[in-house]
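Trainee: Quick one, what's the 3D model for this:
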Amino acid sequence: MDEWAVKKIKIDKKVPVPHNPGNEGNKGNKGSGKYPWYEMEAGDSFFVAYVKLASMRSMASRKGKEMKVKFAVREERNGVRVWRTK
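Mentor: Now for the predicted structure:
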């Protein structure tokens, strides 16, 4: 974990997914355990500061296939937000 990451990532509820034409419904990843993939319900999201969008999208895609759920990943100021959408 880098110096910017937090030890326990907070799950946010009811944060709307911004529309991103041409990139609907990114999926989830097989992670290192530092992200709360399995704890999330549809509609939940988490924010990670100072990570690359492409890296998190790849991770979310792999996790979604593994879990048979869907994730959406969007860039926000200073990081990315991941939503469980299904």
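Trainee: Tell me the strands beside the worst-scoring helix or strand of the chain on mean pLDDT, with direction?
Mentor: Ranked by mean pLDDT, DSSP states H and E, the helix or strand of the chain with the weakest confidence is strand 11-13, at a mean of 93. Strand pairing for strand 11-13, determined by DSSP bridges: strand 44-49 (antiparallel).
Trainee: And for the strand it pairs with, what's in contact with it?
Mentor: The contact list for strand 44-49 (C-beta atoms under 8 Å, 6 or more residues apart in numbering) reads 4-5, 9-13, 15, 17, 35-36, 40, 56, 76, 78-84. The C-beta positions use only the backbone N, C-alpha and C, and glycine is treated the same way.
Trainee: and that strand, what's its mean pLDDT?
Mentor: Taken as a whole, strand 44-49 has a mean pLDDT of 96.
Trainee: Centre of the chain to that strand, how far?
Mentor: Relative to the centre of its chain, strand 44-49 is centred 6 Å away, using C-alpha atoms, centre = their mean, to the nearest Å.
Trainee: do stretch 72-79 as well
Mentor: 9 Å.
Trainee: go on, stretch 78-86?
Mentor: With C-alpha atoms, centre = their mean, you get 4 Å for stretch 78-86.
Trainee: What distance do you get for Glu41 to Asp12?
Mentor: 12 Å (C-beta to C-beta, to the nearest Å).
Trainee: Next: Pro18.
Mentor: 14 Å.
Trainee: Of those two, which one has the most company?
Mentor: Neighbours of Pro18 and Asp12, each counted by other C-beta atoms under 10 Å, are more numerous for Asp12; the result is 14 against 11.
Trainee: Leaving out chain neighbours, which residue sits closest to that one?
Mentor: Using C-beta to C-beta, 6 or more residues apart in numbering and skipping the chain neighbours, the partner closest in space to Asp12 is Ser45 (4.9 Å).
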